[in-house]
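Trainee: Could you look at this predicted model? Sequence included:
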Amino acid sequence: MGVDYQVWLIPEDRAFRPSADKVANLANALRDGGWVPPASAEGQRSEILELLPGGDLMRRKPAQVHSFTSEPFTAPWIEFHSQHELVLNWSVNDQRAAGVQYPFSFDPFPDPRMPPYFYVYLILGHDFFYYTGETVMPIDEHATQCQCGEQLSFWTGSAHGAPSQRIFSRCPKCSQEFDPSGVSCDILDGWTGKGAPLPGGLTFRFGLVVNCHKYFPKEEEAARRFRLRPEFLDLWRMHVGVPFEQIETWD
């Protein structure tokens, strides 16, 4: 098992991309509800990443980096800054100093000298973000090949919070749309190593991700109870409104 634990909330319909007003409403609800910090909070280093075209496996993804402000998110702001790809990255280094709610069901290491830390990402794009890792196996390369023969999967460089691979949502050669519902990959249980198919793979055009890094239970029984709180999940239901999957990864 790896040392970094993440929970991905992604639409069951992998092609779903919410409207700008839904994204703005969710981002505002995360902040207004105290799940992510305001721009002025202590104990956090957060940033907005506007990812630009280009990049490859050996380079970082080109990006414009912006600071959060105290102003509410608006649909026009989301629309403008997501012309390519957008990552809202809230890095909570000290949950107590940041004054935010803990999104998980319990603190696995309750100690006043070591407050919890975690990262929350809202990720939005036009092509499919495509994640593989220690417990998420790649989709077969033939399954991501267009009928015209063009390979739709490609590397685009690393960026904090976002996977480094993409799959074209539309073939650049013949313009045929890619449908992830027809593909799958194997995903491994982080404790037992047992594999299971994941229809659609870990692909998405919109996702809400919580990364604990190393701050998660190290015993299996406790880890099975370590889940995102229902109130946190309700934000997706209220502001995105489509069925979603929770996918756990260890890397």
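Mentor: Great, that's in hand. Residues are numbered from 1 along each chain as shown.
Trainee: thinking in terms of the whole chain, how far from its middle is stretch 32-49?
Mentor: Distance of stretch 32-49 from the chain centroid (C-alpha atoms, centre = their mean, to the nearest Å) equals 17 Å.
Trainee: Tell me the span between the first and last residue of that stretch.
Mentor: By C-alpha to C-alpha, to the nearest Å, the extent of stretch 32-49 from end to end equals 21 Å.
Trainee: Okay, buried residues for that stretch please.
Mentor: Residues of stretch 32-49 classed as buried: 35-38, 41, 43-44, 46-49 (neighbour count, 16 or more other C-beta atoms under 10 Å). Using the backbone N, CA and C atoms, a C-beta is placed for each residue, glycine as well.
Trainee: ok, these vs Pro103, which is closest?
Mentor: Among the buried residues of stretch 32-49, Trp35 lies closest to Pro103 (C-beta to C-beta), at 6.1 Å.
Trainee: how far away is that closest one from Arg205?
Mentor: As judged by C-beta to C-beta, to the nearest Å, Trp35 and Arg205 stand 22 Å apart.
Trainee: Phe104 too?
Mentor: Distance from Phe104 to Arg205, by C-beta to C-beta: 26 Å.
Trainee: can you map out the strands along the protein?
Mentor: 5-11, 47-51, 63-66, 85-92, 118-130, 153-155, 165-167, 184-188, 195-199, 203-213, 244-250 (DSSP state E).
Trainee: and these as a markdown table, adding mean pLDDT and distance to Cys146?
Mentor: Shown next, in a markdown table, are the strands of the chain (pLDDT from 0 to 100; distance: least, C-beta to C-beta, whole Å):
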| stretch | mean pLDDT | distance to Cys146 |
| --- | --- | --- |
| strand 5-11 | 98 | 23 |
| strand 47-51 | 97 | 23 |
| strand 63-66 | 96 | 28 |
| strand 85-92 | 98 | 21 |
| strand 118-130 | 98 | 13 |
| strand 153-155 | 96 | 10 |
| strand 165-167 | 97 | 10 |
| strand 184-188 | 97 | 18 |
| strand 195-199 | 97 | 20 |
| strand 203-213 | 97 | 15 |
| strand 244-250 | 97 | 25 |
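Trainee: mind putting the ones you listed in CSV, distance to Phe232 included?
Mentor: Formatted as CSV, the strands of the chain follow (distance: least, C-beta to C-beta, whole Å):
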stretch, distance to Phe232
strand 5-11, 9
strand 47-51, 21
strand 63-66, 25
strand 85-92, 13
strand 118-130, 9
strand 153-155, 31
strand 165-167, 27
strand 184-188, 22
strand 195-199, 22
strand 203-213, 8
strand 244-250, 11
